[in-house]
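Visitor: What shape does this take:
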Amino acid sequence: MSRAAKPSDKKNSNESKERIHGSIARQLGVAIVSGKLKPGDTLDNEIDSSEQLEVSRTAYREAVRILAAKGLVASRPKLGTRINDRSNWQLLDPDVLSWFFESQPSQDFIVGLFELRMIIEPAAAAFAAERRTQADLAVMREALLNMERFGLADAEGQSADRDFHDAILAATRNPVLVSLTSSIGAAVRWTTIFKQRKRKLPRNPLVDHWRVFDAIAAGGADAARAAMEELVTLALEDTRRAM
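Guide: Down below sits the predicted model:
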């Protein structure tokens, strides 16, 4: 007698399918952002591609949909699935950022990320100094203490670093800035990992983070802006040394 499917069975099955098409999307995404697959190239048809990857056509189709949603490809009837020009890519999508760093990101791309951070984060720190609550400060302080505890070579420390930057954006009380949280957080995380992929970090950046926190806690908008500018500038210098 057959056993009725339990909710846990269905959940595990769905998670397995998500892992499969997510893995395919990652594999193709890395090939695209690294230049192995170039803009204008057409992917093999669904049947051939799924057979080459040894996955179901459904899994392959879902993977292509993920890439399309991120602007990397476009599928059209009779024309197949073609790699989009880079101008269409959602470069700040956390997955796309991770695919860039999984390959070998160019120096221009990395510098571009830091230029974006320099535009956004100092202003966010200034707003946070004017609008933060005690609850915001508690989150920031806890993140910094965890960075001290684990260090930035550890995944827990890297997560705490991201929590600190996330908390600053949240403290701006600006929903548009807050919407950038996942992108800025991914940029912080991946550049931190990149800096120490071959050697230890050249210095401990925790002091820079505490300066930003102290300025925000004191309510000094100008001081918070200047402290964050220094943090991002020094982080870029550290990253250049790692290139």
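
Visitor: When you work out contacts or count neighbours from here on, use the C-alpha atoms and nothing else.
Guide: Will do.

Visitor: can I see the domain layout of the protein?
Guide: 7-88, 105-242 (automatic domain parsing).

Visitor: Quick check: which of these is buried the most?
Guide: Burial of the domains of the chain is given as mean neighbour count (mean count of other C-alpha atoms under 10 Å); domain 105-242 ranks first at a mean of 19.

Visitor: Figure out the length between the terminal residues of that one.
Guide: 12 Å (C-alpha to C-alpha, to the nearest Å).

Visitor: Which of the domains of the chain has the lowest mean pLDDT?
Guide: Per-stretch mean pLDDT for the domains of the chain is lowest at domain 7-88 (a mean of 85).

Visitor: So which residues of the chain form helices?
Guide: In the chain, the segments counted as helices under DSSP state H are 7-33, 46-53, 57-69, 94-102, 107-131, 134-150, 155-171, 175-178, 181-195, 206-218, 221-242.

Visitor: quick revisit: out of the domains of the chain, flag the one nearest Pro94.
Guide: Among these, the nearest to Pro94 by C-alpha to C-alpha is domain 105-242 (5.6 Å).

Visitor: Spatially central residue in the chain, please.
Guide: Ala186 (2.4 Å; C-alpha atoms, centre = their mean).

Visitor: Go ahead and confirm Gln107 touches Ala242.
Guide: No - applying C-alpha atoms under 8 Å as the test, Gln107 and Ala242 come out as separate, 10.5 Å apart.

Visitor: ok now do the nearest residue to Phe127 once chain neighbours are set aside, which residues does it touch?
Guide: Of all residues not flanking Phe127 in the chain, Thr172 sits nearest, at 5.1 Å (C-alpha to C-alpha, 6 or more residues apart in numbering). Listed by C-alpha atoms under 8 Å, 6 or more residues apart in numbering, the contact partners of Thr172 are Ala124, Ala125, Phe127, Ala128, Arg131, Arg132, Val178.
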